[in-house]
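In: Build the 3D model from these lines:
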Amino acid sequence: MPGSITINLPGADLPANMQNQNTFLFGIMNSVTNAKIKANSIGNNAFRNAWGIQYESKTKIDVTTIGASAFYGCRNSKRIWLSKNVQTVQADAFYYSDDGTYSNKLYLYCELPSKPSGYDATFGQYAYYSYTYTRTTYWGVSEASFDAL
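Out: Purely as a prediction, here's the structure:
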């Protein structure tokens, strides 16, 4: 049955390569429709290829730093909201994250009014074979507005 999960670890750093360290967490993630992550940072490759969310999903991220390839390959995520606290997004954090049809079905919603300098040049990009495209990103979206989608 689909549900929600909150990872609430203020001040903590979610480690790199978590998919190799906590299979229980990723088993739970396969059945959620909504996720909220609150921590200090998300490490490199933390959720890489790990989320198999099978439903229309919404994820909220409230951290200061998202590591390189943190959500790379999370193909079934649909909507991701980044709080204004997210100041650094490293290379390929959401790259190759779509629904498996390569149709750019992941939409990024950011509370900040525009892309800050701490966001890597690959922010908002996705791959289709050897081509790179820019996915739809909405700026200046409040948490309440995201919740209403």
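In: Please report how far V141 lies from L112.
Out: 9 Å (CB to CB, to the nearest Å). Glycine gets a C-beta too; all of them are placed from N, C-alpha and C.
In: oh sorry, the question was meant for N44
Out: Applying CB to CB, the value for N44 to L112 is 22 Å.
In: Next: A39.
Out: In this view, A39 and L112 are 18 Å apart by CB to CB.
In: who's more crowded, the two?
Out: Counted by other CB atoms under 10 Å, A39 and L112 do not tie: A39 has more neighbours, with 20 against 16.
In: name the element the more buried one belongs to?
Out: Under the criterion DSSP states H and E, the helix or strand holding A39 is strand 32-42.
In: roughly how far out does that strand sit from the chain middle?
Out: Here the centre of strand 32-42 is set off from its chain's centre by 8 Å, with CA atoms, centre = their mean, to the nearest Å.
In: ok, then the element right after it?
Out: Using DSSP H and E, the helix or strand that follows strand 32-42 in sequence is strand 58-62.
In: Which stretches in the chain count as strands?
Out: Remark: strands assigned in the chain by DSSP state E are 3-14, 32-42, 58-62, 65-66, 79-82, 88-89, 107-110, 125-128, 131-134, 137-139.
In: Quick one, which of those strands gets closest to G118.
Out: Proximity to G118 (CB to CB) singles out strand 88-89 among these, at 4.0 Å.
In: any low-confidence regions in the chain?
Out: Applying pLDDT under 70 to the chain flags residues 1-3, 17-32, 50-56, 75-77, 96-104, 127-130.
In: Apply 80 and report the result again.
Out: Applying pLDDT under 80 to the chain picks out residues 1-33, 47-57, 72-78, 95-106, 125-134.
In: re the thing from before, I'd like the strands of the chain as a markdown table, with distance to Y119 appended.
Out: Formatted as a markdown table, those follow (distance: least, CB to CB, whole Å):
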| stretch | distance to Y119 |
| --- | --- |
| strand 3-14 | 19 |
| strand 32-42 | 14 |
| strand 58-62 | 13 |
| strand 65-66 | 9 |
| strand 79-82 | 9 |
| strand 88-89 | 5 |
| strand 107-110 | 9 |
| strand 125-128 | 11 |
| strand 131-134 | 13 |
| strand 137-139 | 10 |
